[in-house]
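J.: Based on what follows, work out the 3D shape:
(chains A and B)
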There are 2 protein chains.
Amino acid sequence: MKEAKVRLYVEHSLGEGQTIPLARDQAHYLFGVMRMGVGDVVELFNGQDGAWRCNVVQAGKRAGILTCDAQTKPLRMPPDLWLLFAPIKKARTDFIVEKAAEMGAARIVPVQTDFTNSERIRQDRLQAHAVEAAEQCGGTYVPEVAAMQRLDRVLADWPEGRQLMFCDEAEVGQPSVFDTVEAVGRCPTYQPGKGAQDGAWAILIGPEGGFSPEERARLKALPYAHVVSLGPRILRADTAAVAAMTIWQQVLGDWV
Amino acid sequence: MKEAKVRLYVEHSLGEGQTIPLARDQAHYLFGVMRMGVGDVVELFNGQDGAWRCNVVQAGKRAGILTCDAQTKPLRMPPDLWLLFAPIKKARTDFIVEKAAEMGAARIVPVQTDFTNSERIRQDRLQAHAVEAAEQCGGTYVPEVAAMQRLDRVLADWPEGRQLMFCDEAEVGQPSVFDTVEAVGRCPTYQPGKGAQDGAWAILIGPEGGFSPEERARLKALPYAHVVSLGPRILRADTAAVAAMTIWQQVLGDWV
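T.: Numbers count the residues shown, from 1 in each chain, chains lettered A, B, ... in the order given. Just a heads-up that it's a prediction; the model follows:
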């Protein structure tokens, strides 16, 4: 049995014998760029039905049809972890979204802080980066990229029961991410549509230049917020996102 | 007393009252790009004397002179940790070098594996990225970027006493980086010029497409090599480098 080398995210439902029409850009990618054709196999996933090996049954320049053959992976939802970050320069913002998807965030939330330079994001572009990262890393789920919101609004509407770890470059060495996540404890699996879950988490990465004194004071006063240090050097935001999520996943998440 | 906002790596020795002539590109950066001038302060470091606050005493378009005022940070050497990686596409190779410097690698070694696409690297360009990352992250040390070597040659010349952790995408979930580094144990601080140090470490990140079966078999048979998994998703090489180094630094390195 052939193994699929290409993975695609689709919105169509997947199941045995199901027929899936391809969107124009996906047909172009498979048949134009990748030079695939009838009889070739592709792995499809939709964030709901796991991953399926599918056969190409019609291949055109602008359209195509696949049929589901067999499930290759069950659906695996990430832990209920949000990544909040302050958008920075374009390429690095793209990287943060990609890394968050690879590292298994359930939801990605761009936030505007006092020292955020960027005032707008292209939400659709960032969502496309999350899809591509999920296709590439072998996941069965694509995290949603939320619209940008002001940090103070996000905190004002904070869901009950969700912990918040914020990575502050003003802290050097202590408290460590490891000690913090171990002390606060385990996180449930993400359940779409279910609102506040007790024990859910969020990680907040600040902008270049850090948090403002007012933000830092407000964050430190929140009962659900935990300040942590990411070591003795000041990490760029994209490095910090991977570093914080790595330890979190290793201690509480799906790396265990 | 003014605080320096700009940090520069120089090769000149640093010490109280020392006079430092600037290289042409650094003079251009400080006085052309950053619009600094006589009386402004800059933090200089050279990988040997810690970091020093220095005053601009002459500023020209193509040259400049600074004098050392006071030490702002003592020299802090990283742990004796090498990062070995297989170069990938240009931008991601640059990122791996940047991340390795931020995460505190002592030495960065590009290796050519069976599935490495890239056959050459620009060593000077990568070294410049490491310098820039050290300037940006507040470190006092710049890791050396070695010339590219074949992985089999690197293993044939392996220094006695150095552990090697290799991150294999074929391993899913176990053994974890955390358990592995904790079991094998602590690493000495890097000492330039000192060859093999007992208990030193290296992390090897494979290329996209992973290791070849022959490489995997050879690595697994080495008494000093430890295979680890980086979780349930397949990480891109730059993500994998940060993830592996994060847990390593948190357990054995200078994050403790």
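
J.: C-alpha only now, for contacts and for neighbours.
T.: OK.

J.: neighbours of A:Gly15, just the number please.
T.: The burial count assigned to A:Gly15 is 17, neighbours taken as other CA atoms under 10 Å in any protein chain shown.

J.: I should have written A:Arg35 there, sorry.
T.: Residues within reach of A:Arg35, counting by other CA under 10 Å, total 9.

J.: I'd assumed it was in a strand, is it?
T.: No: counting by DSSP: H, G, I helix; E, B strand; the rest coil, A:Arg35 is located in no strand; its state is coil.

J.: ok, so what distance separates A:Trp158 from B:Asn55?
T.: Here the criterion is CA to CA, to the nearest Å. By it, A:Trp158 lies 47 Å from B:Asn55.

J.: In the stretch 51-200 of chain A, where is pLDDT below threshold?
T.: Within the stretch 51-200 of chain A, the set of residues satisfying pLDDT under 70 comprises A:173.

J.: And the helices in it?
T.: Along the stretch 51-200 of chain A, counting by DSSP state H, counting those that start in this stretch, helices occupy A:90-102, A:123-137, A:151-156, A:177-184.

J.: So which of those helices is nearest B:Glu171?
T.: If you check each of the helices of the stretch 51-200 of chain A against B:Glu171 by CA to CA, helix A:123-137 wins as the nearest, at 14.0 Å.

J.: With just CA atoms, put that closest one into CSV.
T.: What follows is helix A:123-137 as a C-alpha-only set of coordinates in CSV (Å, rounded to 0.1, in the frame of the first residue of the first chain):
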residue,chain,number,x,y,z
GLN,A,123,-5.5,37.1,10.3
ASP,A,124,-6.2,35.0,7.2
ARG,A,125,-2.5,34.9,6.3
LEU,A,126,-1.6,33.8,9.8
GLN,A,127,-4.3,31.2,9.8
ALA,A,128,-2.9,29.9,6.5
HIS,A,129,0.5,29.6,8.2
ALA,A,130,-1.1,27.5,11.0
VAL,A,131,-2.7,25.2,8.4
GLU,A,132,0.6,24.7,6.6
ALA,A,133,2.5,24.0,9.9
ALA,A,134,-0.2,21.4,10.8
GLU,A,135,0.1,19.8,7.4
GLN,A,136,3.9,19.7,7.7
CYS,A,137,4.2,18.4,11.3
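
J.: what packs against it?
T.: Using 3 or more CA pairs under 8 Å, 6 or more residues apart in numbering or on different chains; DSSP states H and E as the contact criterion, the elements in contact with helix A:123-137 are strand A:7-9, helix A:90-102, strand A:144-145.

J.: Out of these, flag the one nearest chain B.
T.: Nearest to chain B among those is helix A:90-102 (6.2 Å), distances taken as CA to the nearest CA.

J.: Show residues contacting the closest one.
T.: Under the criterion CA atoms under 8 Å, 6 or more residues apart in numbering or on different chains, residues A:83, A:87, A:108, A:126, A:129-130, A:132-134, A:137, A:139, A:142-143, A:237-238, A:241-242, A:245, B:233-235, B:239 lie in contact with helix A:90-102.

J.: can you rerun that using 6 Å?
T.: When contacts are taken as CA atoms under 6 Å, 6 or more residues apart in numbering or on different chains, the neighbours of helix A:90-102 outside the stretch itself are A:87, A:129-130, A:133, A:238.

J.: what separates that helix from the chain centre, distance-wise?
T.: Taking the mean C-alpha point of helix A:90-102 and that of its whole chain, the gap between them comes to 9 Å (CA atoms, centre = their mean, to the nearest Å).

J.: how about it: buried residues?
T.: Of the residues in helix A:90-102, those scored as buried under the neighbour-count criterion (16 or more other CA atoms under 10 Å in any protein chain shown) are A:93-102.

J.: Can you report how many residues neighbour the closest residue to A:Gly50 other than its chain neighbours?
T.: Ranked by CA to CA, 6 or more residues apart in numbering or on different chains and with sequence neighbours excluded, the top spatial neighbour of A:Gly50 is A:Leu75, at 3.7 Å. When neighbours are counted by other CA under 10 Å, A:Leu75 registers 17.

J.: Also the one 3 residues further on?
T.: Residues lying near A:Pro78 (other CA under 10 Å) number 24.

J.: quick one: contacts for it?
T.: A:104, A:106, A:189-190.

J.: for these, which one is nearest chain B?
T.: When those are compared for distance to chain B (CA to the nearest CA), A:Gly104 comes out closest, at 8.0 Å.

J.: mind listing what the closest one touches?
T.: Residues counted as contacts of A:Gly104 (CA under 6 Å, 6+ apart) are A:Pro78.

J.: which phi and psi does it have?
T.: Dihedral angles of A:Gly104 (phi, psi; degrees, to the nearest 10) stand at phi 90, psi 40.
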